[in-house]
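>>> Okay, sequence plus prediction incoming.
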Amino acid sequence: MSALTWVDGLRGLKMRAMAERFARQEGSGDARAFVERLAEGVVAEAEARAQRAMERRCVQARVPSAVGPEDVRYAPGRGFLKRELQEFLDVRWVREHEHLVLTGASGRGKTFLASVLANLVLRAGLTVRFYDVPDLLGEWAAYDANGELPRFRRLLARTDLLVLDDWGHRDEPLDRKDVGVLRRVVLPALEKRSVLVVAKSPPEAWSDWLGGGDTAEELCDWFSRVPHRLDFKGPSMRERKQRK
């Protein structure tokens, strides 16, 4: 079988990286044993597939920015130290289905840190879905209106880390329907996956926003017992940037 036929066959099997590596080998007159060249092609194909999978996960996750731990600035008085953040960098907390609550006033860097942690989870080969709470509620309603709610729930069920930003984003309480949606989204994730909540206030203050009642009590109780909590303090990072 000719080299061209090999390359075309690999492309037909959607093994494009392996095909291109083999074509380059042939074009350069590579004299190594076929087994060595084949091993190189297999590695190239595996790396390319891993990269494509990573790109798909990133698109689906919708993390606000592509920041990493190298971008974190440990400014004095922010409420957490480098050593406190270290326990989250190996993403073991997600693999063990633990949860994290980030609280603090606007502009303190909560969403930034949530993005850092979400990107680390993606790099580890796990799945993430990053939502502002209003967007989550809107997406649920859209799937429901199209008769595709079971599909959306399956997507959420396959997510390793669910990030909920802007939790408690407005002063007036959610209506009963929206509270019910949050319960249907959050409780399964709390029981079987990991949840990261970004909020201005601590869990003990969420009851009114969740409309009071049994569901509010249930969710507040869940999150008040979460062992991983970071409270952001200090001046607004946005104001600091504006002054510069």
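Looks like it came in fine. Residues are numbered from 1 along each chain as shown.
>>> Dig out what residue 230 forms beta bridges with.
Applying DSSP bridges to residue 230 gives these bridge partners: residue 102.
>>> any idea how far it is from residue 113?
Per Cβ to Cβ, to the nearest Å, residue 230 is found 8 Å from residue 113. C-beta: built from backbone N, CA, C; applies to glycine.
>>> overlap in contacts of the two?
Taking Cβ atoms under 8 Å, 6 or more residues apart in numbering as the contact rule, residue 230 and residue 113 both touch residue 102.
>>> So for the two, which sits in the more crowded spot?
Neighbour totals were compared for residue 230 and residue 113, and residue 113 leads with 25 against 17 (other Cβ atoms under 10 Å).
>>> so which helix or strand takes in the more buried one?
For residue 113, the host element (DSSP states H and E) is helix 110-123.
>>> and the spatially closest residue to residue 143 that is not a sequence neighbour, what element?
Excluding the flanking residues, the one nearest residue 143 by Cβ to Cβ, 6 or more residues apart in numbering is residue 152, at 3.9 Å. According to DSSP H and E, residue 152 maps onto helix 149-157.
>>> now do residue 187
Using DSSP H and E, residue 187 sits within helix 176-192.
>>> May I have the helix or strand following that helix as PDB, with CA atoms only?
Sequence-wise, the next helix or strand downstream of helix 176-192 (DSSP H and E) is strand 194-199. What follows is strand 194-199 as a C-alpha-only set of coordinates in PDB (Å, rounded to 0.1, in the frame of the first residue of the first chain):
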ATOM      1  CA  SER A 194     -19.500  19.900  42.900                       C
ATOM      2  CA  VAL A 195     -21.000  23.400  43.200                       C
ATOM      3  CA  LEU A 196     -19.200  26.700  43.400                       C
ATOM      4  CA  VAL A 197     -21.400  29.700  44.400                       C
ATOM      5  CA  VAL A 198     -20.400  33.300  44.000                       C
ATOM      6  CA  ALA A 199     -22.400  35.600  46.200                       C
END
